[in-house]
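*Asks:* The following comprises the amino acid sequence and a computationally predicted model.
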Amino acid sequence: MSHAAARTKPSINVTPLIDVLLVMLIIFMVAAPLKPHSFFTKLPSQQNAIDLVINDKMLVVSIASDRTLKLNQLATDMGTIDDPAKLSNFLVALFRERQTNRVYRADMVSRPEIPERYRIEKTVFIKAPRSIAYGEVAKVIDGLKGAGAEPVGLQLDSLQ
């Protein structure tokens, strides 16, 4: 028997190792994002930018160089980039009032087949100086989206 034991070579069972590797592969595939988060933007051409008409439904959030927020150049303080709660609360109330009064977007007035919540005018533009970092503007965009603004547009510096 000692002669037979000397001939058998030890073998490693790799089945558990393969099972563990497959489980880890699945975990990493699920944990990794499938695509980076982004948002769609449409920048106006110079010709279309000149034809922009300001109306009473237009909402423009201005970010000052001291990081304060203003809505439509009103004198009231709407908070700061780090604390946009005043702006968000004001917009939530404004959008609720617009839904009550049925203030529709211009392209949705004649579209009764679309649910009313999608027809309400909730467009907001952001105007910021180039000195403000992109991440700071993204915080404001997140706050506006949380308040229900849709779509959110970015205004170029060259527009007045």
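*Replies:* That came through, no problem.
*Asks:* make it CA atoms for all contacts and neighbour counts henceforth
*Replies:* Noted.
*Asks:* moving C-terminal of the lowest-mean-pLDDT helix or strand in the chain, what's the next helix or strand?
*Replies:* One helix or strand of the chain scores below all others by mean pLDDT, DSSP states H and E: helix 46-50, with a mean of 51. With elements assigned by DSSP states H and E, the helix or strand that comes after helix 46-50 is strand 59-63.
*Asks:* Each with direction, which strands does that next one pair with?
*Replies:* strand 69-71 (antiparallel), strand 124-127 (parallel) (DSSP bridges).
*Asks:* Which residues are in contact with the closest residue to residue 71 other than its chain neighbours?
*Replies:* Of all residues not flanking residue 71 in the chain, residue 61 sits nearest, at 4.6 Å (C-alpha to C-alpha, 6 or more residues apart in numbering). With contact taken as C-alpha atoms under 8 Å, 6 or more residues apart in numbering, residue 61 is in contact with 69, 70, 71, 72, 124, 125, 126, 127.
*Asks:* which SS class is the closest residue to residue 146 other than its chain neighbours?
*Replies:* Excluding its sequence neighbours, the residue lying closest to residue 146 (C-alpha to C-alpha, 6+ apart) is residue 88, at 7.5 Å. At residue 88 the chain is in helix, as set by DSSP: H, G, I helix; E, B strand; the rest coil.
*Asks:* What's the per-residue pLDDT of residue 88 here?
*Replies:* According to the prediction, residue 88 has pLDDT 88.
*Asks:* Okay, it and residue 114: tell me how far apart.
*Replies:* Separation of residue 88 from residue 114 (C-alpha to C-alpha, to the nearest Å) stands at 26 Å.
*Asks:* These two: who's more crowded?
*Replies:* residue 88 (21 against 10; other C-alpha atoms under 10 Å).
*Asks:* And the pLDDT for residue 18?
*Replies:* pLDDT for residue 18: 92.
*Asks:* what's the helix or strand for it?
*Replies:* In the assignment (DSSP H and E), residue 18 maps to helix 15-31.
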